[in-house]
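Sequence and predicted structure are below.
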Amino acid sequence: MEHTDEAKSDLIEICRKQYKNDLVQSKRIDEFEKTYTADKAASWYTRDSFVYRLLNKALRTENIDIIYKFRSFIADLHQQLSVLQSTEPISTDEFLYRGQKLPIEELQYLQKNINGYLSMNTFVSFSRSSQAALLFAGKGEDRPQLESVLFQTEVNDGLAIFANIENVSYYKDEGEFLFTIGSVFRIADIEHIGNIIWVITLVIDTNANEDVEKLSKYLKKYYTGECSLLKIAEILFQIGEYDRAEHYCKLCNEQLHVDHQDRCRLNLLFGDIFRAGKGDFQAAEQFYVSALKLAQDSSLRASVLAGLGRLEDETGKYEAALTHLTESFDLNLKEHPNTTNEIVAKVYADIALVYRHKLDFTKSLEYYNQSLEINLQLLPDLHPSLANLYNNIAYLNTVLGKYDEAMKSYEISLKIQLKSLPKTHPDIATVYNNMAILHECNHDSQLAMEMFCKSLELFSAVLPSDHPTIATLYHNIGTSFHEIKNYPKAITHLEKALDLRKKILPLTHLHIAESYESLAYSYYGVYDYQKTLDFCNMALEIDPTRAALHECIGETRSKQHDYDGALVAFRKAIDLCNPLMMKDNRLLARIHFSMAQVLLTQEKLDEALECYKTVSLVPLSYADQDTLAVANMHLADIYTYKKQFRLAIESYKKCLDYNSECVPQVEMYNNLAANYFEVGQEEADEEYYRKALEIRKKILNVFPLDDQDLGITYSIIGTIYYKLNEYDLCLEHKEKARDHLLKNVSMNNDILTNICESIASFYELRGEMEKAIENGELLLKLQMDKFDSENPKNLDILANLCNNLGSLYHQVQNIEKAIECVEQAVTFERIAKISNPELYDNNFEILQSQVITCGNLAALYEEAEATEKQIIMLNRCLEIYSKLVLHSQQKTDLALASMAEIFKMLGGCYSKLDDHHMAFKSYQQALYFFIQLGSNNETMSNEYKENLENAKMKMNNKS
């Protein structure tokens, strides 16, 4: 750095201001003014004076104004250390020590970053003597605020600039070593010794310093020349210190002559500051226009046109932006025909950003990759421009659904920035913001929220509160709250973002449409459907091509039960989607799903089926697994309803593969098994029964089931075993089902009755009558428990059960119980007839059932020798048969034959009672109906005639 009287005067002036009331330091300032030369820099720095105190404080607090005043002194001290290092080499393998009291927070940060790097922002002194260093460290007496720390490092051939300053120090006997500003160490180890002092081992890391050295050399080359106010302002702008950059621009503006050649550069920088740092686009445009008028060479003109293009991009004037950026590109090519240069790379990046804002992500990515390809050839590995390119490429990969690639690029970007930029630099905040967006895409809303808040904190430190970027951060935080369903907080942040955007952006800007859209979704979340529609319509006035807005309208109309309106909106959204875009493919999946739900509500099953099919074919990268699972579930349900069981099986299997909590797993397995069973029945295929059986067993083994579900599952397994002809296993599982369901009869009555009926039938077929009777009694009790006197059909069921139970008792020769059961059956039938006489006198099936019951009871009476009761039942049979003949002419022959047989039985009953007159009349009627039948059976005919003659003879004998 060139030394000037002005630089020394600046230093003296700031020192006198700082120590104007300190006589001792004022004298030393006078001494410094008179005697200081470059070779005395180390002496003045090590002396207990204003130089050490003021410079170190400025370096620690990053006070650019004071650091600038010390510019020549810093250069002198750095140069003196470089000369000493080269002329008085230090032997390697020597350990140096530094004692210090460190805030606990800083110590904890170092502990978390072992093997990480530590960069010194001041000149740092070390000593050969560990004992001397320990005096500065202390013995832990200032805990808990401060910890005693001893740094130790081994001298090696690293690239750090440091020297033994013993011979040039103000104090000659301290054996002090001084490292220059920006020295980089690797944190090798941290150890707590005796619970008193922390020992931190640092390594002068060659590789780390080489990376930093490359960047340092590049930046030195980039910012060569006189250390002017304008140059300082440019550097401050690059590191995101916008207020300080503006301050130095104003100082420069005061000093530059109105016709100075740097006026164009100054106005260009003013424009950049007001555009990027202040968000004052109107002021920025004025400065750019002024700069354009002053641009005397094509290189400067190209830079100004690029600045104008960036401004127009931020204000949504994308075509104008592309025009100016293209002009800038053409001018640069004239100036630098070789396209492998940084200016061309920068314009490529600017054009890429415009295409990104135009939502042409593929073209944007193409330009960013061209820019990166050039910069990788020209820039050092730690250059911030590379970080910006990786950040933008990562963002585009996020939009295009390439999440893994995006994360890799973000990590590279952040790694470069954390090593090369101040920790509060806005570019770091930008990466945090974009990483948050990626976390949102990966459905990690909590981590996204943390990243957005971190980004807002960093941006708020360097940007005014009404900057567009601050508005964007509020918007992003609002969308994060929306994702975790905290809609009130989402609305608060989104409205704050909208208010800011309305103040600083044209009312037709796409960012305002974006705010309207997000607010529409959040108001939908709090069920305020009118505001949802209002915000959707306001957004569509700005940008009618937003498919997502029509989707939102469709969802809202659906909630308002305006299903036709919902379908119109959904179809409009589909028309606007671009299937080549990842985000639109996701939207298409959502829209088809929502349409299917509406169509299902309208019972338009075929149309709903097509929509669900569309969703089910979507790759997992385009739709979340919950949506795909539910779509396949409904698809399978419709296939089942349409008896397309094989297709239903495939859809249920897909549904289960997604392992979604949004679908009932047990129900899905049950449905899958049921469809396998149906295919087995359709095709008589044992394989499908076996698959159904396997799934049912899996349900038993995997899922916790209550008694009802256990009972149902065991029952179905029993049915499958029945289809497989494995009757013992069928019976075993049916009984298990019965036992579980009996624990809550009121809930399971219908299922239990079916199961008990099956079990009773099994035992009857196997001849185990006692068990058959036991289950028959249980079955009757279950039906009695749910008896509904207003439903005659229940009486028929009870009558049938009593008949069956009577038959079982009859088979074990318990005639008394058999009669009791069948008498109960007759009673139920009579009650049913009273409740609906017209039905019970005119329905063939009912009449036939009644005659069977009366016939059964008559037969039982005969066995019990209750002849009079038998006669009553036989007459009841005749009464019913007369109605059968009347109402069912096609079955007359059967009725005539039955009536002939009944009259014959009546004749026998009367004969037993010695009522030969009634016996004769009965046999006479029997013969009549037999003749009416027109039968050619002579044996039967002779039997009827013989009975009649015998009765006549007995009647005559008696008379």
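Great, that's in hand.

which residues touch residue 847?
Residue 847 makes contact with 840-841, 880, 883-884, 887 under the criterion C-beta atoms under 8 Å, 6 or more residues apart in numbering. To be clear about C-beta, it is placed using only N, CA and C from the backbone, and glycine gets the same treatment.

swap the cut-off to 6 Å and go again
880, 883-884 (C-beta atoms under 6 Å, 6 or more residues apart in numbering).

could you dump those to CSV with distance to residue 729 and secondary structure?
Output for the contacts of residue 847, formatted as CSV (distance: C-beta to C-beta, whole Å; DSSP: H, G, I helix; E, B strand; the rest coil):
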residue, distance to residue 729, secondary structure
880, 43, helix
883, 47, helix
884, 44, helix
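
Give me the distance between stretch 349-357 and the centre of its chain.
29 Å (C-alpha atoms, centre = their mean, to the nearest Å).

And the lowest mean pLDDT element among the helices and strands of the chain?
helix 206-222 (a mean of 57; mean pLDDT, DSSP states H and E).

Which residues belonging to the host helix or strand of residue 599 are considered buried?
Using DSSP states H and E, the element containing residue 599 is helix 582-601. For helix 582-601, burial by neighbour count (16 or more other C-beta atoms under 10 Å) applies to 582-600.

still on that earlier bit, what's the next secondary structure element after the least confident helix or strand of the chain?
helix 229-238.

So for that following helix, mean pLDDT?
Averaged over helix 229-238, pLDDT sits at 83.

Now stretch 905-920: buried residues?
905-911, 915-916, 918-920.

which one among those residues gets closest to residue 175?
Ranked by distance to residue 175 (C-beta to C-beta), these are led by residue 905 at 135.8 Å.

List the residues that contact that closest one.
Residue 905 touches residue 874, counting by C-beta under 6 Å, 6+ apart.

Also residue 396?
361, 364-365.

Just the ones of these in helices?
361, 364-365 (DSSP state H).

And these, which is closest to residue 521?
residue 361 (22.0 Å).

any idea of the mean pLDDT in the strand or helix carrying residue 859?
Under the criterion of DSSP H and E, residue 859 resides in helix 844-863. Helix 844-863 carries an average pLDDT of 86.

related to what we said a few turns ago, so which of the buried residues of stretch 905-920 is the closest to residue 670?
Out of those, the member with the shortest distance to residue 670 (by C-beta to C-beta) is residue 905, at 52.9 Å.

quick one on the thing from earlier: who wins for neighbours among the ones in helices among the contacts of residue 396?
residue 364 (24 neighbours; other C-beta atoms under 10 Å).

who touches it in this structure?
Counting by C-beta under 6 Å, 6+ apart, residue 364 touches 352, 355-356, 396.

Once you drop chain neighbours, what's closest to residue 954?
Nearest non-adjacent residue to residue 954, counting by C-beta to C-beta, 6 or more residues apart in numbering: residue 916, 4.3 Å away.

Test my guess that that neighbour contacts residue 955.
Yes. Using C-beta atoms under 6 Å, residue 916 is in contact with residue 955, at 4.0 Å.

In the host helix or strand of residue 757, which residues are buried?
Secondary structure from DSSP H and E places residue 757 in helix 745-765. For helix 745-765, a neighbour-count test (16+ other C-beta under 10 Å) marks 748, 751-753, 755-760, 762-764 as buried.

try stretch 113-132
Applying 16+ other C-beta under 10 Å to stretch 113-132 flags 117-118, 120, 122-128, 130 as buried.

quick one: contacts of it?
Contacts of stretch 113-132 (C-beta under 6 Å, 6+ apart): 56, 59, 96-98, 133, 175-179, 181, 183-187, 208.

again, only this time at 7 Å
By C-beta atoms under 7 Å, 6 or more residues apart in numbering, the residues outside stretch 113-132 that reach it are 45, 56, 59-60, 77, 96-98, 133, 153, 174-187, 189-190, 202, 208.

Which members of these are positioned in helices?
Applying DSSP H to the contacts of stretch 113-132, the entries found in helices are 45, 56, 59-60, 77, 133, 208.

which stretches of this structure have low pLDDT?
For the chain, the stretches with pLDDT under 70 are 1-5, 157-159, 205-227, 338-340, 578-584, 620-622, 787-793, 885-892, 958-959.

Break down it into its strands, ranges please.
95-103, 117-119, 124-127, 146-154, 162-164, 176-179, 184-193, 197-203 (DSSP state E).

Kindly reformat those as JSON lines containing distance to residue 855.
Below are the strands of the chain laid out as JSON lines (distance: least, C-beta to C-beta, whole Å):
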{"stretch": "strand 95-103", "distance to residue 855": "105"}
{"stretch": "strand 117-119", "distance to residue 855": "104"}
{"stretch": "strand 124-127", "distance to residue 855": "116"}
{"stretch": "strand 146-154", "distance to residue 855": "105"}
{"stretch": "strand 162-164", "distance to residue 855": "120"}
{"stretch": "strand 176-179", "distance to residue 855": "117"}
{"stretch": "strand 184-193", "distance to residue 855": "102"}
{"stretch": "strand 197-203", "distance to residue 855": "105"}
